[in-house]
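Colleague: Quick one: sequence and predicted model below, then my questions.
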Amino acid sequence: MDAESAARRATLADVAAAAGVSRATASKTLNGRDDVAGATRERVLAAVAALDYKPTTARTPALQRRAIAVVFDIPASPYILKVLEGVLATATDAHLDLVTRLPPALADRRRRTVAREWIADQRASGVVGIAGLTLSAPDALIDAAADSSIPFVMVDPVDTTNERMISVGSSNWAGARAAAEHLIALGHRRISWIGGPKASGAAQDRFYGFNAAMGAAGIPVDPALVRADQFDVATGARHAHDLLSSDDPPTAIMAADDELAVGVLAAAYELGVRVPDELSVTGFDDTSQAAWTTPPLTTVHQHLDGMGRMAVQSLLSMAAGSWPASRHVELATSLTIRGSTSAPPTGGARAADRPHADR
């Protein structure tokens with residue numbers, strides 16, 4: 001190496017020239033891509049060592065194990081844990097590490113500079129693909145990842161209409177419609193809906209499915225029985241308490257996920273409303289807790305681990321240069337009927353008329 005070459009920092013072009021490959025091939029090698037021949041990879045890494053090449057990021061991904069990053073806002077929930085099972089199994093099969101990441105703060109992640117820095121940090125740590133699980137406001141991160149050629153797949157997108165987004169979900173509309181049709185077939189007509197955030201595409205699709213079943217049966221949806229809020233147990237309990245303490249309570253409550261449904265069951269127990277004799281309850285997800293509630297929960301089963309597997313498989317295909325045939329993939333749902341649903345009561349005191357009901 002001459003004095004002039006030694007005085008300046010080696011570039012990717014220098015590495016490519018020394019290895020006798022194109023810059024694109026040198027870049028793919030340093031990014032840990034699979035589509036580089038072993039002999040070529042060895043020449044590129046030898047050139048990196050000989051030239052003391054240092055990329056602009058702090059570390060060279062090619063010298064580390066490759067990884068899939070999973071990023072989400074909410075703390076671990078039965079839903080997140082089940083999706084992670086599928087992500088972990090598929091990443092393990094592909095000999096990839098799995099790392100969990102918190103996204104930038106919600107107030108900052110919409111800023112392009114913050115998003116680009118966050119994506120650069122993932123690349124520096126060897127990340128070759130990112131799966132976002134119900135991640136709010138991901139647009140800037142999706143764009144930054146696309147600009148950096150890092151595949152990004154969303155599971156159950158929230159608050160985004162980004163045209164560059166690749167996503168995986170379930171047939172939410174069909175699942176909710178099946179649950180509503182089950183209740184209608186049992187004889188229920190006064191059915192309440194406790195949904196998730198309005199920004200959640202999955203939550204909205206489930207609400208539309210509920211509406212479709214009610215409309216097809218000629219049953220008007222009472223706006224007073226419709227709620228939209230966060231996916232958590234406390235929210236379900238609060239809204240169910242309010243609904244069941246009203247002057248004209250529902251005979252059935254459909255919850256947009258299992259955590260909301262668990263809250264509904266807790267409120268019914270507190271108010272002395274017997275499930276399913278006086279109130280039928282359905283959930284959505286069929287997480288492990290659904291079989292262990294009292295009574296066991298009737299719920300829509302979605303393949304959460306399958307969604308995780310599909311997300312990683314899509315990431316690997318994209319990393320290999322194969323674009324998905326569809327930007328959004330939906331896995332089928334089915335209804336799991338357990339002990340929390342039955343025919344509506346034909347008489348007797350309503351929950352709101354009970355002496356101990358807390359109005």
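Modeller: Perfect, thanks for sending it. Numbers count the residues shown, from 1 in each chain.

Colleague: give me the number of residues near residue 76?
Modeller: 10 (other Cβ atoms under 10 Å). All C-beta spots, glycine's among them, are computed from the backbone N, C-alpha and C.

Colleague: mind checking the SS state of it?
Modeller: coil (DSSP: H, G, I helix; E, B strand; the rest coil).

Colleague: what's the distance between it and residue 199?
Modeller: According to Cβ to Cβ, to the nearest Å, residue 76 and residue 199 sit 21 Å apart.

Colleague: Could you do residue 335 as well?
Modeller: With distances taken as Cβ to Cβ, residue 335 is found 26 Å from residue 199.

Colleague: Same drill for those two, tell me which one is more crowded.
Modeller: Using other Cβ under 10 Å as the criterion, residue 335 and residue 199 rank with residue 335 on top: 20 against 14.

Colleague: which residues touch the helix or strand that contains the more buried one?
Modeller: Counting by DSSP states H and E, the element that carries residue 335 is strand 333-336. Contact with strand 333-336 is made by 170-172, 174-175, 178-179, 182, 286, 290, 298-302, as judged by Cβ atoms under 8 Å, 6 or more residues apart in numbering.

Colleague: and that strand, how far from the chain's centre?
Modeller: Remark: strand 333-336 is offset 19 Å from the chain centroid, using Cα atoms, centre = their mean, to the nearest Å.

Colleague: repeat for stretch 304-322
Modeller: 13 Å.

Colleague: Just the buried residues of it, please?
Modeller: Neighbour-count burial for stretch 304-322, counted by 16 or more other Cβ atoms under 10 Å, picks out 304-319.

Colleague: residues making contact with that stretch?
Modeller: Taking Cβ under 8 Å, 6+ apart as the rule, stretch 304-322 contacts 33-35, 68, 79, 82-91, 94, 96, 128-131, 151, 153, 155-156, 166, 168-170, 285, 287, 323-324, 329, 331.

Colleague: Export stretch 43-52 to PDB, keeping only CA atoms.
Modeller: Provided in PDB are the C-alpha atoms of stretch 43-52 (Å, rounded to 0.1, in the frame of the first residue of the first chain):
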ATOM      1  CA  ARG A  43     -11.700 -12.600  -0.800                       C
ATOM      2  CA  VAL A  44     -13.900  -9.600   0.400                       C
ATOM      3  CA  LEU A  45     -13.200 -10.200   4.100                       C
ATOM      4  CA  ALA A  46      -9.400 -10.600   3.300                       C
ATOM      5  CA  ALA A  47      -9.500  -7.200   1.500                       C
ATOM      6  CA  VAL A  48     -11.300  -5.700   4.500                       C
ATOM      7  CA  ALA A  49      -8.500  -6.900   6.800                       C
ATOM      8  CA  ALA A  50      -5.700  -5.900   4.400                       C
ATOM      9  CA  LEU A  51      -7.100  -2.400   3.900                       C
ATOM     10  CA  ASP A  52      -8.200  -1.900   7.500                       C
END
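
Colleague: What segments of the stretch 151-300 of the chain are strands?
Modeller: 152-155, 166-170, 191-195, 226-228, 252-255, 280-285, 298-302 (DSSP state E, counting those that start in this stretch).

Colleague: Pull the most distant pair out of the buried residues of stretch 304-322.
Modeller: The most widely separated members of those, counting by Cβ to Cβ, are 304 and 319 (23.3 Å).

Colleague: Over to the closest residue to residue 51 other than its chain neighbours: give its phi and psi.
Modeller: Of all residues not flanking residue 51 in the chain, residue 10 sits nearest, at 3.9 Å (Cβ to Cβ, 6 or more residues apart in numbering). Here is the backbone geometry of residue 10 (degrees, to the nearest 10): phi -60, psi 150.

Colleague: measure residue 10 to residue 83 for me?
Modeller: 42 Å.

Colleague: same deal with residue 270?
Modeller: Counting by Cβ to Cβ - residue 270 and residue 83 are separated by 31 Å.

Colleague: Residue 241 now?
Modeller: Distance from residue 241 to residue 83, by Cβ to Cβ: 30 Å.

Colleague: same check, this time on residue 250
Modeller: Taken as Cβ to Cβ, the span from residue 250 to residue 83 is 31 Å.

Colleague: So for those two, which sits in the more crowded spot?
Modeller: When residue 250 and residue 83 are compared on other Cβ under 10 Å, the one with more neighbours turns out to be residue 83, at 28 against 23.

Colleague: Not counting its neighbours along the chain, what's nearest that one?
Modeller: Once flanking residues are discounted, residue 83 sits nearest to residue 308: 4.3 Å by Cβ to Cβ, 6+ apart.

Colleague: That neighbour: helix or strand, and which one exactly?
Modeller: Per DSSP H and E: helix 304-319 holds residue 308.

Colleague: Any chance of the strands of the stretch 151-300 of the chain in CSV with mean pLDDT and mean neighbour count as columns?
Modeller: Output for those, formatted as CSV (pLDDT from 0 to 100; neighbours: other Cβ atoms under 10 Å):
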stretch, mean pLDDT, mean neighbour count
strand 152-155, 95, 27
strand 166-170, 93, 24
strand 191-195, 98, 25
strand 226-228, 96, 18
strand 252-255, 98, 31
strand 280-285, 98, 30
strand 298-302, 97, 26
